[in-house]
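> coords please:
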Amino acid sequence: MTNQQEIPWWICKEGDKNLCTYVDTDSNYFHAEPILKHLYPNFSELPPEEQDDLLEKLAIKYQDLITEYYDELAKEAFNVQKHRLEMKTECTIRSGFFSGKRRYAQYITKKEGIKVEDIDVKGLDFMKSNFPPLFKKFFNGILNKILFGATRNEIDQEILDFKNSLKELPLESLGKPTGVKDIKKYIERPPGAGNIFTTLKTGTPVNVKAAIRYNDFLKFKGIDKQHSQIVQGDKIKWVYLKDNPYKIDTMGFLDFDFPEGVRTFVETYVDRDKAFDSILKNKLESFYQDLSWGSLTLNTHVNNFFSFQ
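Here you go, the predicted model:
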């Protein structure tokens, strides 16, 4: 066993506390609050702007200290006399949320010494192009509120209010946007005698199925010549449907050409509860876990409140 005195100074010792929150390439994020509370016992009582100033002051101090140690590290660890290693304080963050590698959000109050009010978000699911804009706006809104100090109870209420509002949401805002490709690849058998809908192959992606069901419905209604069918490469939106006379569980549509007869059918049977679950619920549950808030639970009272029947 190595003697404690033989361990080089640049290796962490047993009992050392790791304040590094996140590392990505050449960037390091450190949680400075424990040090600041040690140096300034009344730190928690100070106005946020004063806390930011003290945080920046501490960051610059350690920036310079670590840069000095790089000279010694280069010589002792790597036998290098000259190097280009230098620490630089890029920004100070009042609060942050780190979910994984390049998946985070942070409330930046200073950039290179200049005061700012900036929410920087990277890699989180709601930023993807297939996330409906209204849901994206909602998720971004609650994330901002958390970074500004909102409590779990406040966020719970935000979620309740948002889901309840979905019963008034137009289809264009509710539909999940996506591209469509390989439509013909998943067709087992076209509509024929005794079967008004296309028979699909096992494993057909839900967005492709939604597109094919839309085309089937146009033909069934006899309006496929007057309106645009969904074809390879189209950008569509799609929704889940509740039980209906045609046993269709999903339907796609085009924003620029949505026949009234098809729209009425989809509006009547769109499954708004499932839209919330499939688009947002899993993301929120993961979000709650990352925040150590436990599970996103919907009790009986809440489920009744959420019902769109």
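> now the strands: where do they sit in the protein?
20-24, 27-30, 91-100, 103-111, 114-122, 176-179, 187-189, 199-200, 235-240, 250-253 (DSSP state E).
> now those as TSV including distance to D161?
(C-beta placed from N, C-alpha, C; glycine too.) Formatted as TSV, these follow (distance: least, Cβ to Cβ, whole Å):
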stretch	distance to D161
strand 20-24	32
strand 27-30	33
strand 91-100	22
strand 103-111	22
strand 114-122	21
strand 176-179	21
strand 187-189	42
strand 199-200	38
strand 235-240	21
strand 250-253	27
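> Identify the structural domains in the protein and state their residue ranges.
The chain breaks down by automatic domain parsing into domains covering 18-123, 126-168+274-306, 172-270.
> what about Q229, how many neighbours?
Residues lying near Q229 (other Cβ atoms under 10 Å) number 17.
> Give me the distance between the residue nearest to it when sequence neighbours are not counted and S228.
Spatial nearest neighbour of Q229, excluding adjacent residues (Cβ to Cβ, 6 or more residues apart in numbering): N215 at 4.7 Å. Using Cβ to Cβ, to the nearest Å, we find N215 at a distance of 10 Å from S228.
> the more surrounded of the two?
Neighbour totals were compared for N215 and S228, and N215 leads with 19 against 14 (other Cβ under 10 Å).
> does L174 really touch L166, like I thought?
Yes. At 6.9 Å, L174 counts as touching L166 under the criterion of Cβ atoms under 8 Å.
> what sits in contact with each of these two?
Counting by Cβ atoms under 8 Å, 6 or more residues apart in numbering, the contacts common to L174 and L166 are 272, 275.
> neighbour count winner among the two?
L174 (23 against 19).
> got a pLDDT number for that one?
L174 carries a pLDDT value of 93.
> Tell me who's in contact with it.
Contact analysis of L174 by Cβ under 8 Å, 6+ apart lists 132, 134, 166, 239, 270, 272, 275.
> what's the most distant pair in those residues?
Using Cβ to Cβ, the contacts of L174 reach their maximum pairwise distance at L134 and V270, which is 14.5 Å.
> The two: which is more packed in?
Per other Cβ under 10 Å, whichever of L134 and V270 has more neighbours is V270, with 21 against 17.
> now the helices: where do they sit in the stretch 201-309 of the chain?
For the stretch 201-309 of the chain, helices defined by DSSP state H, counting those that start in this stretch occupy the ranges 206-221, 260-269, 272-276, 282-290, 300-306.
> re earlier: out of the strands of the chain, the one nearest Y62 is which?
Closest to Y62 of the strands of the chain is strand 27-30 (Cβ to Cβ; 7.9 Å).
> neighbouring strands for that closest one, and are they parallel or not?
Here strand 27-30 has these sheet partners by DSSP bridges: strand 20-24 (antiparallel).
> residues in contact with the partner strand?
Residues from elsewhere that reach strand 20-24 (Cβ under 8 Å, 6+ apart): 28-31, 96, 98, 101-102, 104.
> same thing but at 10 Å, please
Outside of strand 20-24, the residues within contact range by Cβ atoms under 10 Å, 6 or more residues apart in numbering are 28-32, 93, 96, 98, 100-102, 104, 106, 122.
> List the buried residues in the lengthiest helix in the chain.
When the chain is parsed with DSSP state H, its longest helix is helix 48-78. Within helix 48-78, the residues scored as buried using 16 or more other Cβ atoms under 10 Å are 51-56, 58-59, 73-74.
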